[in-house]
Each structure stands twice: as C-alpha cells, then as structure tokens.
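S.K.: Structure, please.
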Amino acid sequence: MELPRVLYVDDETINLELLKITYMNEFEIIAAQSASEGLALLELHPDIHVIISDLKMPDMNGLDFIKEIKKRYEQKVCILLTGFMVSEIMLEGFNKELIFRYIMKPFNREELEESILEAFRR
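M.R.: Next comes the predicted model:
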C-alpha cells in the first residue's frame, strides 16, 4: 500500500529526520532543507498534496514559501510548523487562506498526524 506523500521543508536536518522517523509507517515524508529545494521537489512529485513548512528559514520564510506554492498549485494544503508565536504572520496566513493549520514546535505527534490526515481529506 502506498503511503500518502507529505513534503516537509525545514532548514534544520534534525527536524527533517525526526518527522521522517516519527511518521515512517503513516506517511512518505519527502524532505527539503530550503524553500527552493521544496519547490523543485513539488515539480518532481505532483502527487504531494500536503506541505509542512518551518516558518524561520534563511533563504525564504515559510509564509513566503507557502505564498509561492499557492500561486503555482492553489489546491495544495499547507501547514506551518514553528517554534515561534508570530501573530501577524499567522493572521496573514489564515486571512489569505494560505495555511490550513499552524502548529507549534515541539509538535504533538497525534495533533500533527490528525492535521495531516485532515489536510488529505480536504
């Protein structure tokens, strides 16, 4: 059985590996260390429907990355995963219907899994 594909973009390798290991039986996690790498992977894997992005990244922040995804693929469902409470970014993401969920790090395994599953059902 094929696992649902999720793209996870985070500039910290440890976070990418943690998510892969945590959900190795539930999802196929495709990892990218930058927004540009994430966009390239979306070109290669059009069957990715859920994207999880870190907010704070060096080349492009997570919200700008999600804006770029939505320009190219408006049907993709995006989740922002971050260790920072950034209310104006959060509000912009929700107001413009760019992000489906905003989840704080360290993530709760069940909460994130349910959010991913719900995103696939959309």
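S.K.: low-scoring stretches of the protein, by residue?
M.R.: Low-confidence segments of the chain (pLDDT under 70): 86-87.
S.K.: which residues of it fall in helices?
M.R.: In the chain, the helices defined using DSSP state H lie at 13-22, 35-44, 62-72, 87-95, 109-121.
S.K.: which of those helices is buried the deepest?
M.R.: The highest mean neighbour count among those belongs to helix 62-72 (a mean of 19), with neighbours defined as mean count of other C-beta atoms under 10 Å. Using the backbone N, CA and C atoms, a C-beta is placed for each residue, glycine as well.
S.K.: Report the backbone C-alpha coordinates of that helix in CSV.
M.R.: Extracted as CSV, the C-alpha positions of helix 62-72 are listed here (Å, rounded to 0.1, in the frame of the first residue of the first chain):
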residue,chain,number,x,y,z
GLY,A,62,7.8,29.7,5.5
LEU,A,63,4.9,32.0,4.7
ASP,A,64,6.6,33.4,1.6
PHE,A,65,7.3,29.8,0.6
ILE,A,66,3.6,28.9,1.0
LYS,A,67,2.5,32.0,-0.9
GLU,A,68,4.7,30.8,-3.8
ILE,A,69,3.2,27.3,-3.6
LYS,A,70,-0.4,28.7,-3.6
LYS,A,71,0.5,30.8,-6.7
ARG,A,72,1.6,27.6,-8.6
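S.K.: Other residues contacting it?
M.R.: Contacts of helix 62-72 with the rest of the structure, by C-beta atoms under 8 Å, 6 or more residues apart in numbering, involve 9, 35, 38-39, 42, 51, 53-57, 60, 76, 78, 80, 82, 89, 92-93, 96, 98-99.
S.K.: same deal with stretch 2-22?
M.R.: Applying C-beta under 8 Å, 6+ apart, the set of residues contacting stretch 2-22 is 23, 25-35, 37-38, 41-42, 45, 47-54, 56-58, 62, 65, 81, 105, 109, 116, 120.
S.K.: I am finished for the moment; much appreciated.
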